[in-house]
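Colleague: Give the three-dimensional model of this entry:
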Amino acid sequence: MRSCILSFCIILLWALILPVVGQDIQSNKDEVRRIGNVMDYVRINGYKHKTAMVNPDLVHLFPGVTGPNHETIIPFRKPTSWKNYAEGKQNRLCIYLSDTTSYWLGIVNGLNSNAIPFRITTDLDEALKHKVVLIYPPITSQNIDLATFNKLKSFPMNGGALIGFALRAPSMGIVFGFKNSELRNDRFSIRFDPSSSHLVSFVTVTTEKVISIGNLEYDSSAFYSYSFNSPEYQPLATYNDGSPAMVQKLYTNGLALAIGIDLGYFTMVGHFNYDAEYQRSHSNDFEPTLDVFYQVIKRVYLNYAKHPVILGSVPDNRHVPVVISYDVDTKDAVPNALLYAEVMRRAGVSGTFNIQTKYIKDGQDEAFFNSENLKYLSALKAMGMEIGSHSVSHTPFLNYIPMGTGREKYPEYRPIYVTTFSTFNETLLGEARVSKFLLDHLLNNETVSWRSGYLGYSSALHIALDAVGIRYSSSSLANELLTHMPFQAIYDNRFNQVIDVYEFPVTIEDEELPPMYERLGQASFVTEQVSKYGGAVIVLIHPNELGQKIDFLRDYIDLYKSKAWFGTMGEYGTWFRSRIHTRLDVEEENGILKIQLFCPYVIHGLPVKLPDGYGLVSSFPADLPFRQEPGWIILNRLSGGAILNLQRF
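Modeller: Below you'll find the model as predicted:
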């Protein structure tokens with residue numbers, strides 16, 4: 001009987017929306033049971049964008065509200081030039097870029113995320129003036145001549161540190177300490193040996209001791225990798241077949257470190273979620289695959305740079321940054337959100353509430369973004385919470401829907417959800433620009449944060465967000481992207497242009513079993529591991545219910561309030577954006593070490609790590625606001641330039 005009633009209601013709803021493109025509802029329901037998720041559905045059936053006329057009675061109207069009235073224009077593609085990163089002093093790590101058409105932006109994003117100061121040059125002689133040099137792309141017999149080989153060979157002999165990837169030129173074995181290299185795509189994991197070197201001594205838990213570069217259950221081919229056979233020194237890491245994956249050659253004062261994968265391309269694959277399900281779990285666990293590689297590079301820099309000064313990765317030099325975020329995407333979640341906000345307010349912390357601007361009644365839910373519920377959302381703002389966007393329709397097809405015209409506007413934009421595999425009228429620009437307009441207009445908001453429904457994630461999404469002025473997205477899972485570090489988005493899968501949008505992968509979420517409160521210990525474990533890398537903990541909660549989720553929230557805040565930084569996605573996003581654009585240089589003059597800083601934006605609570613044995617003697621400007629902790633100076637506020645003068649003590 002229930003089944004009949006449900007079928008009748010769905011058919012009635014179908015009649016109300018008057019679809020232009022028809023589809024049988026019962027067969028769709030059967031496909032949901034048979035296939036289970038949208039990705040499998042698209043893989044089997046393909047994706048075709050569908051349109052339909054929607055009954056106006058299903059649309060909630062805000063009297064007198066229409067917009068946005070301007071057209072959104074997608075910016076022209078303009079590949080990012082390596083010259084944007086060419087400036088800098090010799091204290092920085094230097095990327096020697098031998099091919100400007102390679103995946104070098106992957107390396108740039110990884111270094112930026114991990115707060116490793118760097119610059120780029122295509123001039124080898126200029127690069128070798130630095131103490132730490134990273135060679136990219138991988139060296140082959142085709143891109144190295146005898147003069148280049150001799151210069152690279154001499155560099156570690158003279159005390160420099162050289163880092164190379166996927167080395168295939170036979171001559172490189174002399175420099176990096178192995179006999180020959182072998183390319184294969186049937187190695188599925190890398191095991192680090194923390195006893196082999198101080199460069200990898202930080203790996204202590206299973207998921208960082210062994211990282212995944214393939215998934216045999218999903219694909220018989222793994223990520224392409226080189227092994228370095230017959231190494232002169234004990235390997236720092238080996239593949240699952242026992243062959244060396246990371247080797248070093250130690251010189252009197254120098255180092256040559258060889259890593260068996262193309263890290264620039266591998267970073268892009270992770271950030272775009274293009275890998276073949278390499279992660280061991282989808283969420284709520286520690287999956288630092290990319291982070292381990294960059295931590296090794298960071299340790300090389302700190303150990304071999306002449307004056308190793310870095311910026312901290314956490315605002316105010318706290319233990320770890322935590323953003324607690326909520327997806328308000330059901331009618332019950334709207335009033336419940338206030339109860340979650342009250343827990344945070346009493347604890348003295350703030351969070352981000354991503355609101356689905358659902359003004360159309362459909363097969364998902366009522367039109368709960370309505371005039372009656374605006375009072376709840378205004379109250380959230382009054383309590384110091386951030387209002388972000390969670391799209392209009394919460395479409396499960398966000399990865400596939402078209403970009404749109406840029407002229408979508410409320411109330412004419414009418415995306416509608418009938419069943420899981422039957423949705424109509426959605427576009428990326430419609431979801432982004434219309435939701436932002438409604439939140440900004442009706443709540444006097446400035447919407448800069450976003451999360452997609454169903455964590456829909458694609459490069460086209462970031463392009464749309466950039467076009468409408470949303471800067472901070474949290475639409476991915478950290479484990480699936482193989483990193484717990486935020487990063488700057490890339491224009492599309494050509495991998496050659498950064499855009500002014502930043503992705504913050506979700507670390508802890510509430511839908512996995514067991515219930516959230518029963519995973520409090522696991523959440524604390526993951527938080528501690530992420531803190532070792534300076535990564536971010538992004539928590540996702542659906543306030544559709546109370547009880548154990550609120551208990552988790554209260555107890556998690558209690559665990560970390562005394563040592564973690566808590567804030568909104570907009571606050572942390574603004575800080576991260578400012579930090580990765582802050583230039584850091586060091587020069588020595590008459591026994592004084594000058595740390596030169598320049599931030600093109602405004603940043604608060606910026607930590608600067610001092611070299612061992614140095615202390616602050618003066619600053620410019622003289623009234624520069626800062627505080628000191630052992631080994632650190634934390635700038636209370638920086639906008640423009642500043643100088644910290646240090647001296648040995």
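Colleague: So residue 91 sits against residue 117, correct?
Modeller: Yes - Residue 91 sits in contact with residue 117 when judged by C-beta atoms under 8 Å, with a separation of 7.0 Å. (Each C-beta comes from the backbone N, C-alpha and C, glycine too.)
Colleague: show me where the stretch 1-150 of the chain has helices.
Modeller: 2-17, 25-35, 38-45, 104-113, 124-127, 146-157 (DSSP state H, counting those that start in this stretch).
Colleague: ok so, going back, list residues touching both of residue 91 and residue 117?
Modeller: Jointly contacting residue 91 and residue 117 under the rule C-beta atoms under 8 Å, 6 or more residues apart in numbering are 309, 585.
Colleague: For the helices of the stretch 1-150 of the chain, which has the smallest mean pLDDT value?
Modeller: Mean pLDDT is lowest for helix 25-35 out of these, coming in at a mean of 40.
Colleague: who's more crowded, residue 91 and residue 117?
Modeller: Using other C-beta atoms under 10 Å, the more surrounded residue of residue 91 and residue 117 is residue 91, with 25 against 22.
Colleague: Nearest residue to that one in space, please, no chain neighbours.
Modeller: residue 586 (3.8 Å; C-beta to C-beta, 6 or more residues apart in numbering).
Colleague: Same question for residue 599.
Modeller: Using C-beta to C-beta, 6+ apart, the closest residue to residue 599 is residue 582 (4.4 Å).
Colleague: ok, now how distant is that neighbour from residue 117?
Modeller: Using C-beta to C-beta, to the nearest Å, residue 582 is found at 10 Å from residue 117.
Colleague: which ones are touching residue 600?
Modeller: By C-beta under 8 Å, 6+ apart, the neighbours of residue 600 are residue 581.
Colleague: And it, which helix or strand is it part of?
Modeller: Assigned by DSSP states H and E, residue 600 belongs to strand 592-609.
Colleague: Give the pairing partners of that strand; include direction for each.
Modeller: strand 310-311 (antiparallel), strand 583-589 (antiparallel), strand 632-648 (antiparallel) (DSSP bridges).
Colleague: Show me the shaky parts of this structure.
Modeller: When residues are selected by pLDDT under 70, those of the chain lie in 1-36, 493.
Colleague: what's the domain layout of it?
Modeller: The chain breaks down into these domains under automatic domain parsing: 82-311, 315-577, 582-648.
Colleague: Please work out which of those is packed deepest.
Modeller: domain 315-577 (a mean of 21; mean count of other C-beta atoms under 10 Å).
Colleague: Quick check: end-to-end length of that domain?
Modeller: 12 Å (C-alpha to C-alpha, to the nearest Å).
Colleague: Distance from the chain centre to that domain, please.
Modeller: Put simply, domain 315-577 sits 14 Å off its chain's centre (C-alpha atoms, centre = their mean, to the nearest Å).
Colleague: Please name the nearest non-neighbouring residue to residue 95.
Modeller: Nearest non-adjacent residue to residue 95 (C-beta to C-beta, 6+ apart): residue 120, at 4.5 Å.
Colleague: Starting from residue 404, give me the distance back to the closest residue to residue 406 other than its chain neighbours.
Modeller: Spatial nearest neighbour of residue 406, chain neighbours left out: residue 72 (3.7 Å); criterion: C-beta to C-beta, 6+ apart. Counting by C-beta to C-beta, the gap from residue 72 to residue 404 is 8 Å.
Colleague: Same check on residue 451?
Modeller: Residue 451 is 19 Å from residue 404, where distance means C-beta to C-beta.
Colleague: Could you do residue 199 as well?
Modeller: Residue 199 sits 48 Å away from residue 404, taking C-beta to C-beta as the criterion.
Colleague: One more: residue 593?
Modeller: Computed as C-beta to C-beta, the residue 593 to residue 404 distance reads 53 Å.
Colleague: State the three-state secondary structure for residue 226.
Modeller: Following DSSP: H, G, I helix; E, B strand; the rest coil, the label given to residue 226 is strand.
Colleague: which residues sit in contact with it?
Modeller: Contact analysis of residue 226 by C-beta under 8 Å, 6+ apart lists 166-168, 181-183, 260-261.
Colleague: now for those, which pair is the farthest apart?
Modeller: Using C-beta to C-beta, the pair of these lying farthest apart is 182 and 261, separated by 13.2 Å.
Colleague: hang on, residue 381 in a strand?
Modeller: No - the assignment for residue 381, made by three-state DSSP, is helix rather than a strand.
Colleague: sorry, back to before: check contacts around the residue nearest to residue 599.
Modeller: By C-beta under 8 Å, 6+ apart, the residues touching residue 582 are 311, 597-599, 603, 606, 638.
Colleague: Now distance to residue 438 too, for these, in TSV please.
Modeller: TSV is the format used below for the contacts of residue 582 (distance: C-beta to C-beta, whole Å):
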residue	distance to residue 438
311	37
597	40
598	38
599	33
603	31
606	35
638	35
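Colleague: Skipping adjacent residues, who's closest to the residue most central in space within the chain in space?
Modeller: Nearest to the geometric centre of the chain sits residue 486, at 3.4 Å (C-alpha atoms, centre = their mean). Excluding the flanking residues, the one nearest residue 486 by C-beta to C-beta, 6+ apart is residue 504, at 4.7 Å.
Colleague: picking that back up, and for residue 72 and residue 404, which residues touch both?
Modeller: Joint contacts of residue 72 and residue 404 (C-beta under 8 Å, 6+ apart) are residue 429.
Colleague: before we move on, back to that, would you turn the domains of the chain into CSV with distance to residue 63?
Modeller: Formatted as CSV, the domains of the chain follow (distance: least, C-beta to C-beta, whole Å):
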stretch, distance to residue 63
domain 82-311, 42
domain 315-577, 8
domain 582-648, 39
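Colleague: Out of the ones you listed, which is closest to residue 52?
Modeller: Of all these, domain 315-577 sits nearest to residue 52, with 4.0 Å by C-beta to C-beta.
Colleague: Correct me if wrong, but residue 194 is in a helix.
Modeller: No - checked against three-state DSSP, residue 194 lies outside a helix; its state is coil.
Colleague: Looks like it contacts residue 204 (just checking).
Modeller: Yes - here residue 194 reaches residue 204: they are 7.0 Å apart, a contact under C-beta under 8 Å.
Colleague: and residue 45, how many neighbours?
Modeller: What residue 45 shows, counting by other C-beta under 10 Å, is a neighbour count of 11.
Colleague: From residue 38, how far off is it?
Modeller: 10 Å.
Colleague: can you check residue 299 too?
Modeller: 41 Å.
Colleague: Now stretch 53-69: buried residues?
Modeller: Within stretch 53-69, the residues that count as buried by 16 or more other C-beta atoms under 10 Å are 54-55, 58-60, 62, 68.
Colleague: now, among those residues, which is nearest to residue 426?
Modeller: Among the buried residues of stretch 53-69, residue 54 lies closest to residue 426 (C-beta to C-beta), at 12.0 Å.
Colleague: so what's that closest one closest to, chain neighbours aside?
Modeller: Distances taken as C-beta to C-beta, 6+ apart put residue 414 closest to residue 54, at 4.2 Å, once the chain neighbours are dropped.
Colleague: hang on, isn't the one you found packed against residue 425?
Modeller: Yes - using C-beta under 8 Å, residue 414 makes contact with residue 425 at a distance of 5.6 Å.
Colleague: Give me the common contacts of the two.
Modeller: Common neighbours of residue 414 and residue 425 (criterion: C-beta under 8 Å, 6+ apart): residue 54.
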